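[1] The following comprises the amino acid sequence and a computationally predicted model.
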Amino acid sequence: MTVRIANAAGFWGDYPDATERLLASDATFEYLQLEYLAEVTMGVLDRLRDRDPEKGYATDFVEYVVAEHLSELIDRGVRVVTNAGGLNPSSCAARVREHAAEQNVDVTVATVTGDDLTDQLDGLHAEHGLEPFEDDTPYEDVADEIVTAAAYLGAFPVASALDTGADVVITGRVVDPALALGPLIHEYGWDRTQYDRLAAGTVAGHLIECGTQVTGGNSTREWEAIEYDNVGYPIVEVDADGGMRLTKPDGTGGEVSRATVAQQLVYEIGDPQAYLTPDVAVDFTAPNITEVASDTVAIMGCEGSSPPDSYKVSVHVANGYRVAGNMLYSRPDALAKAERAAAVIESRIEERGLSVWETRAEFVGHDAAHGPAAPDRDDHNEVLLRFAARGPDREDLRRLGTEFAPLSLAGPPSVTGLTDSGRPRPRPIIDVWPTLVPQSVVEPEVSVGE
Amino acid sequence: MSNGGSEAAPSPEQAVRVGEIAYGRSGDKANTFNVGIIAESEAAYRRLDRQLTADRVAALFDAFVDGSVTRYRLPNLLGFNFVASEALDGGGQFSLRYDSQGKTYAAAVLQLELPPESSEGRDE
């Protein structure tokens, strides 16, 4: 026996037709998981929920997966596990049930919640003293500006949701690998101390959670040879003993190789010997990666140990506003022109007395990606000035947004680029203040509906 | 199978661009970025172990990193993970950088040129 888990979303913004592509292939899988919640996505969801209390979940899931494919998924016996619930899993689940009724399919939808600690934070701080995880900003400095706070739940509540017989499991914030480990715990009955198995399921989830980034997308190794049309979404087959193979549907683009899997293993990790979730501490230096067939890689020998006794919590904090605008300058002397334009904006900020914390001028085509780590040069065909600023006052940054267009008449020559978009508008910054809370204060909850 | 292991590695007496003997990927967690680098062969891994030090990567990103750079080894993978703290201008939504998540930073490491080993002191 093996359990096959496919991924059809690596973030909110991934191809809407990913599920369609997987279903159209001849690949078979028992679980479909979709990952939508990047750190920055939580701030976006909060703004959406502010405007409409029924929102605050990843609408792509309902629009492109449920509306278009729910009945086929149910017919084929594929169970769906996703964190599309975001800040509002119950609303997301309600939309899924509505679509099920419309499509006349019998679907059990479960939600996993208990991650939302927003209303408890002050009390938790009073009792336990919340410490900053990253820098030394104390809780008191962020307390008044908190918009939402979510604990990263583990895989066991996801497994419990599947134990109820649910066809669709919708979570709020869980650690991304829980979307794969949950189904494996459910299928194999792994218990909380089978750390090597839990580690294997976590590695499986970590490898597929970014979708096509493990099947050739974004690989820096011999990228010229990779077929980027219809890159196959990943499927991981995990055995009861924790051995696994990662592959992609036949006839798709992309590549599954030691190189693509190794790059994803090290993606967005810290100390590789201590990849921590509420379920297990995984040693990413343990597994061996071997190419076993065309576009098939085996990952063996995963090792884990007991998890930390705390949950990581992302506290999302309103912290001023940000605006960014662009102007394109052509040769000759494109960089010099763009630099002069940036200097004009700087002096206008001063003259007008606009309140900004910080500004940043980047010269796209010259230094925007790597700064001074990139070689110096002065022969650019063109340079895009990107000027960004942040500050406490939305109105002042709106005013700063009016400083770009006039430069087309009043600044350095051979400038263009006003027709793509209008005046840049400020957007609220939702910052992240990560912290830890004791495991005992978080109570994951599973609810099942019709 | 392993990839590239049989290719002749550039001699340690020659300068080499990291991207000629390795590949990699970078990403973010809040205000931290990491760069994972995977060597093409065991010889390349050993050379990177000697020459692609945390100090060298920290110097490359000097303008970007307010905290520090830590290097971890993943010998099974022939890999290294470089973790840079306080390194994304506040990270995510706060950062004013176009690349606010450090997605392109692995490419900067792969473009780094390592000098001939004989030109460097062997302190270790």
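    Thanks, I have the structure now.

[2] switch to C-alpha atoms for all contacts and neighbour counts from now on
    OK.

[3] Give me the most central residue, chain B.
    residue B:109 (4.7 Å; Cα atoms, centre = their mean).

[4] Residue A:255 touches residue A:297, doesn't it?
    No: applying Cα atoms under 8 Å as the test, residue A:255 and residue A:297 come out as separate, 10.4 Å apart.

[5] who's more crowded, the two?
    Taking neighbours as other Cα atoms under 10 Å in any protein chain shown, residue A:255 and residue A:297 compare with residue A:255 leading, 27 against 22.

[6] Chain neighbours aside, what residue packs nearest to that one?
    residue A:216 (4.6 Å; Cα to Cα, 6 or more residues apart in numbering or on different chains).

[7] Specify the local secondary structure of that neighbour.
    With DSSP: H, G, I helix; E, B strand; the rest coil as the basis, residue A:216 sits in coil.

[8] if we can go back for a sec, chain A versus the residue nearest to the centre of chain B, what's the distance?
    9 Å (Cα to the nearest Cα, to the nearest Å).

[9] Name the residues of the stretch 1-150 of chain A found near chain B, please.
    A:39, A:40, A:134, A:135 (Cα under 8 Å from any Cα of the partner chain).

[10] and the two most separated of those?
    A:40 and A:135 (18.4 Å; Cα to Cα).

[11] if we can go back for a sec, my guess is the residue nearest to the centre of chain B meets residue B:18, correct?
    Yes: Residue B:109 lies in contact with residue B:18 (Cα under 8 Å); the separation is 6.9 Å.

[12] looking at chain A, which helix or strand is least sure?
    helix A:39-51 (a mean of 88; mean pLDDT, DSSP states H and E).

[13] How far off centre is that one?
    Its chain's C-alpha centre and that of helix A:39-51 lie 13 Å apart, by Cα atoms, centre = their mean, to the nearest Å.

[14] hmm, back to that, how about residues contacting the helix or strand the residue nearest to the centre of chain B falls within?
    Assessed by DSSP states H and E, residue B:109 sits inside helix B:105-110. Applying Cα atoms under 8 Å, 6 or more residues apart in numbering or on different chains, the contact partners of helix B:105-110 are A:220, A:369-370, A:373-374, B:17-20, B:22-26, B:35-37, B:57, B:60.

[15] Now, the residues you listed that are in helices?
    Within these, residues falling in helices by DSSP state H are B:18, B:19, B:20, B:57, B:60.

[16] that older thread, pull out the buried members of the residues of the stretch 1-150 of chain A next to chain B.
    The neighbour count (16 or more other Cα atoms under 10 Å in any protein chain shown) marks A:39, A:40, A:134 as buried among the residues of the stretch 1-150 of chain A next to chain B.

[17] for those, which one is nearest chain B?
    Closest approach to chain B among those (Cα to the nearest Cα): residue A:40, at 5.9 Å.

[18] which residue ranges form the strands in the stretch 51-200 of chain A?
    In the stretch 51-200 of chain A, the strands defined using DSSP state E, counting those that start in this stretch lie at A:79-82, A:109-113, A:146-151, A:168-171.

[19] Now mean pLDDT and distance to residue A:225 too, for those strands, in JSON lines please.
    As requested, the strands of the stretch 51-200 of chain A are exported to JSON lines (pLDDT from 0 to 100; distance: least, Cα to Cα, whole Å):
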{"stretch": "strand A:79-82", "mean pLDDT": "98", "distance to residue A:225": "33"}
{"stretch": "strand A:109-113", "mean pLDDT": "98", "distance to residue A:225": "42"}
{"stretch": "strand A:146-151", "mean pLDDT": "95", "distance to residue A:225": "41"}
{"stretch": "strand A:168-171", "mean pLDDT": "98", "distance to residue A:225": "38"}
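
[20] now those strands as TSV including mean neighbour count?
    Formatted as TSV, the strands of the stretch 51-200 of chain A follow (neighbours: other Cα atoms under 10 Å in any protein chain shown):
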stretch	mean neighbour count
strand A:79-82	26
strand A:109-113	27
strand A:146-151	23
strand A:168-171	30
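
[21] Now distance to residue A:184 too, for the ones you listed, in CSV please.
    Shown next, in CSV, are the strands of the stretch 51-200 of chain A (distance: least, Cα to Cα, whole Å):
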stretch, distance to residue A:184
strand A:79-82, 12
strand A:109-113, 16
strand A:146-151, 22
strand A:168-171, 14
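
[22] Number of residues surrounding residue 75?
    You didn't say which chain, so I picked chain A. Quick note: residue A:75 (other Cα under 10 Å) scores 10 neighbours.

[23] that's the other chain; I wanted chain B
    Residue B:75, neighbours per other Cα under 10 Å, totals 15.

[24] check contacts around it.
    Neighbours of residue B:75 in contact, by Cα under 8 Å, 6+ apart: residue A:285.

[25] next one: residue A:282
    A:199, A:202, A:273, A:274, A:275, A:276, A:302, A:303, A:304, A:305.

[26] Which element, helix or strand, includes it?
    Going by DSSP H and E, residue A:282 is in strand A:281-283.
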